[in-house]
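In: could you work out the structure for the sequence below:
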Amino acid sequence: MEEQVNVPQIFATDPKLFRFLTKVIHDQGLTPGVEWKVCEGSSRGDNFIAVIKQVVHVAEGGTALNLLVKSAPRNAARRDAFGIREQFLNEIDVYEKAIPRLKSLVGFDLPVADLYGATSSHGEETILLADLKELGFCMADRRQGLSKEQCAAVLRALAQLHAASFALREGSPEEFAALAESVREMFWTQPRRHAFEPFMRNANKETLRLIREYYGSADCDNEYSRAFRQISDLGYDFLANIVTKVPENKKVLLHGDCWTNNLLFKTNDDGFVSAKLLDFQLARISAPMIDLIFFLFTSTKPKNVGNYLEEFLRVYYEEFERRLKTAGFTAAKLYPESELLADWIACVPYGLVVAGILAPALYCPDECLPNLESVKENSREAFVNEYGKVMRANTPESKEHLGQLVKLCVEREWLRILN
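Out: Take a look at the predicted model:
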């Protein structure tokens, strides 16, 4: 006799997703159907690419399974507008292929959620993860900027990911090459150029205007707006080379989109902060500093970067060194600490452009946040225009962030490439 399962109303219109969920529950040795609790897994503004639900399933005997269900939107125009299938395939490959192999090799856990299952069927892409919020992890307020302690936690998490990747590359070059082949670069390659370059140019124009306004005039250049304009004038190819033309001995698996909305934090009773990395849709193969500068230029206040950069790099490297030693490798031979600052300076133009793209989203007020679910017109342009609300929400806080960040880069002489 076919087992009778109570289908929650929210899954009544998506029976394939529900069948996938029940299969995963069976795979955990549980009997589906006793009790389901489903609620939104993210707030408006926290995620634009996926539909996320928190699902609690209570099986016979009272055993609860807490899941985060991350599904690709079904609307074809929305999927086309944001390259959603490609991003989901990227993330699924990271969770199913890269992370298990890295974990098995290095002998330590990685700061990511456990995967319960995933499907890459076209139009039905779904990832089921452990709900880290049930373990006490929570998202920070993106508008506040991360604290020094939170930044240190993220840098340790990135160091663990990077160290594991270095270990795989050194210990099994063929496996690493296969991994690198499976990871998709979403922005900085010729096949992606036609979609991303116009977006980047528009974001750069808006960033330049905000920097000018912050320092007094939207129509006149000053020392800091001139510096950013020079970066903008270098164009797509220059920035693409920073990301993709990386020495072979520095190529590792990167998170690729490491900013506040893709991070969870937990503070222990002794005050120690730990972090987990979410959302590997933009994972890429590149140099470690690409992740570090992306994170520090977007997710904390520029004054923290200025005050604590050397300390931040030291926190990262100590964790990197410790984890590589656990895996049987010597960090100084693979990536000497003395190279960190030079790599930082080489990546600063990339970091400033990324900050310009993300700053509006960092400080966007609730009333200006896009609501992609509300789009009525079924066209690519309608979804792009709705998302564009973020880029048009230029708050005093985003102006200050960008103005102070470029000033810091000029005053610390991190823009030597422009001289």
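
In: skipping its backbone neighbours, what lies nearest the spatially most central residue of the chain in space?
Out: Taking CA atoms, centre = their mean, the centroid of the chain lies closest to residue 257, which sits 2.6 Å from it. With sequence-adjacent residues excluded and distances taken as CB to CB, 6 or more residues apart in numbering, residue 257 is closest to residue 282, at 4.0 Å. (Glycine included, C-beta is placed from N, CA and C.)

In: the one you found: what secondary structure?
Out: coil (DSSP: H, G, I helix; E, B strand; the rest coil).

In: for it, what are phi and psi?
Out: phi -110, psi 20 (degrees, to the nearest 10).

In: same check, this time on residue 57
Out: phi -110, psi 130.

In: tell me how many other residues surround the closest residue to it other than its chain neighbours.
Out: By the measure of CB to CB, 6+ apart, the closest residue to residue 57 outside its immediate chain neighbours is residue 65, 4.8 Å from it. Counted with other CB atoms under 10 Å, residues neighbouring residue 65 total 20.

In: same question, residue 41
Out: Neighbours of residue 41 using other CB under 10 Å come to 20.

In: that one: what's it in contact with?
Out: 52, 53, 54, 68, 69, 70, 131 (CB atoms under 8 Å, 6 or more residues apart in numbering).

In: keep only those of those that are in strands.
Out: With DSSP state E as the criterion, strands contain 52, 53, 54, 68, 69, 70 from among the contacts of residue 41.

In: possible to save those as JSON lines with pLDDT?
Out: Shown next, in JSON lines, are those (pLDDT from 0 to 100):
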{"residue": "52", "pLDDT": "90"}
{"residue": "53", "pLDDT": "88"}
{"residue": "54", "pLDDT": "89"}
{"residue": "68", "pLDDT": "93"}
{"residue": "69", "pLDDT": "93"}
{"residue": "70", "pLDDT": "94"}
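
In: which of the residues you listed tops the neighbour count?
Out: residue 70 leads the ones in strands among the contacts of residue 41 on contacts (other CB under 10 Å) with 25 neighbours.

In: that one pairs with what?
Out: residue 52, residue 127 (DSSP bridges).

In: how near is it to residue 89?
Out: 13 Å (CB to CB, to the nearest Å).

In: residue 210 and residue 400 touch, don't they?
Out: No: between residue 210 and residue 400 there is no contact under CB atoms under 8 Å: 9.3 Å.

In: so the two - more neighbours on which side?
Out: residue 210 (25 against 16).

In: so which strand or helix has the closest residue to the more buried one other than its chain neighbours?
Out: Excluding its sequence neighbours, the residue lying closest to residue 210 (CB to CB, 6+ apart) is residue 399, at 4.7 Å. Here residue 399, judged by DSSP states H and E, is contained in helix 396-411.
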